[in-house]
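Asks: sequence first, then the predicted structure, then my questions.
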Amino acid sequence: MKKKVAVITGSSSGIGLGIAKEFAKAGYDLMMNGLETNGAEIAANIAQEFKVTVLFSGANMLHAEQVIQMIQETETAFGKIDVLINNAGIQYVAPIENFPAEKWNDIIGVNLTSAFYTTKAVFSGMKHRKFGRILNIASAHGLAASEYKSAYVASKHGIIGFSKVIALEGAPYGITCNAICPGYVRTPLVENQIKDQAKSHEIPEDEVIQKIMLHKQPIKDFISIESVSALCLFLASEHGNLITGAAIPIDGGWNAQ
Ligand code: NAD
């Protein structure tokens, strides 16, 4: 049987990198992406470790033409895309009065609009082959708000709405689309936030972790990259065929409140 192919945006760091390893381990060929300058090297190491083909694109998710080119390169190289994981994301934390407009635009661009570009580009191929899995890495902040995160919370609520629309449009063609909503995962994105939150709230960093971040989670642990990756692999599998249009929390009970 022909190998399955996954495109994972923002996969040269953090959660995306974990997902890339999980899918490579399961035998998927990959298109990895991200802004890390050693992205191609990271991709080559994964290819070698898991004996799969891994391409890397440095496409900037803010630019539609680069995103479309990345999808076209993938289809040309592998002949198809089975799984699209929209994971690239950025954060900025500041009170609304000080929130820079360019940060707002970049966050909406990377976290939400880029998923529109990728999904639009993969959709007709998936429709034609009557199979597709689209996974959007949203956030617990797609389901609930926190102060000082106006753009991030708006983008993550938006991606959940977008996922529902694509689930409906994909339903007749074997295409599922879901949003995954993790609580805090200790990645570079969160390490930066700990610093920013400390500044915004004027408290030390260890207090940010205990009093602000894990405060909202009844289970007081960071979510592991491996747990998010395993959930993605499950949703991409044949057992995920009737799970669609869902916003799935993996947040230690945060959104049960
Ligand atoms: P990270 O900073 O470790 O990784 C983000 C990735 O996105 C990097 O590879 C980066 O290069 C890429 N990226 C950023 N801007 C890009 C652009 N313009 N074009 C292409 N790639 C770009 O962050 P992470 O924590 O692994 O976050 C991954 C996703 O998970 C994000 O969507 C984030 O919102 C979401 N998320 C993270 C957490 C968490 O606690 N870490 C929780 C919930 C959701």
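Replies: Structure's in. What do you need?
Asks: does stretch 237-251 come close to the ligand?
Replies: No: counting by CB under 6 Å from any ligand atom, the ligand has no neighbours in stretch 237-251; the shortest distance is 8.3 Å. Glycine gets a C-beta too; all of them are placed from N, C-alpha and C.
Asks: quick check: mean pLDDT across that stretch?
Replies: For stretch 237-251, mean pLDDT rounds to 98.
Asks: pull out the buried residues from it.
Replies: Under the neighbour-count criterion of 16 or more other CB atoms under 10 Å, stretch 237-251 has Gly240, Thr244, Gly245, Ala246, Ala247, Pro249, Ile250, Asp251 buried.
Asks: pull the CA atoms of that stretch into PDB?
Replies: The C-alpha trace of stretch 237-251 is given here as PDB (Å, rounded to 0.1, in the frame of the first residue of the first chain):
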ATOM      1  CA  SER A 237      -6.300   7.000  11.600                       C
ATOM      2  CA  GLU A 238      -9.300   5.000  10.200                       C
ATOM      3  CA  HIS A 239     -10.800   5.200  13.700                       C
ATOM      4  CA  GLY A 240     -11.200   9.000  13.300                       C
ATOM      5  CA  ASN A 241     -13.500   8.700  10.300                       C
ATOM      6  CA  LEU A 242     -16.600   9.800  12.200                       C
ATOM      7  CA  ILE A 243     -15.000  12.300  14.500                       C
ATOM      8  CA  THR A 244     -15.400  15.600  12.700                       C
ATOM      9  CA  GLY A 245     -16.300  19.200  13.500                       C
ATOM     10  CA  ALA A 246     -15.200  18.700  17.000                       C
ATOM     11  CA  ALA A 247     -13.200  21.000  19.300                       C
ATOM     12  CA  ILE A 248     -11.400  18.400  21.500                       C
ATOM     13  CA  PRO A 249      -9.900  19.700  24.800                       C
ATOM     14  CA  ILE A 250      -6.700  18.100  26.100                       C
ATOM     15  CA  ASP A 251      -6.500  20.500  29.000                       C
END
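Asks: for this protein, what spans make up the helices?
Replies: Taking DSSP state H, the helices of the chain run over residues 14-25, 39-50, 64-78, 101-108, 114-129, 150-170, 188-201, 205-207, 225-236.
Asks: got the phi/psi numbers for whatever residue of the stretch 51-200 of the chain ends up closest to the ligand?
Replies: Per CB to the nearest ligand atom, the residue of the stretch 51-200 of the chain with the smallest distance to the ligand is Gly89, at 2.1 Å. For Gly89, the backbone dihedrals (degrees, to the nearest 10) come out as phi -160, psi 150.
Asks: do I have it right that it meets Leu189?
Replies: Yes: counting by CB atoms under 8 Å, Leu189 is a contact partner of Gly89 at 6.9 Å.
Asks: quick one: which of those two has more around it?
Replies: A count of neighbours by other CB atoms under 10 Å puts Gly89 above the other of Gly89 and Leu189, at 26 against 16.
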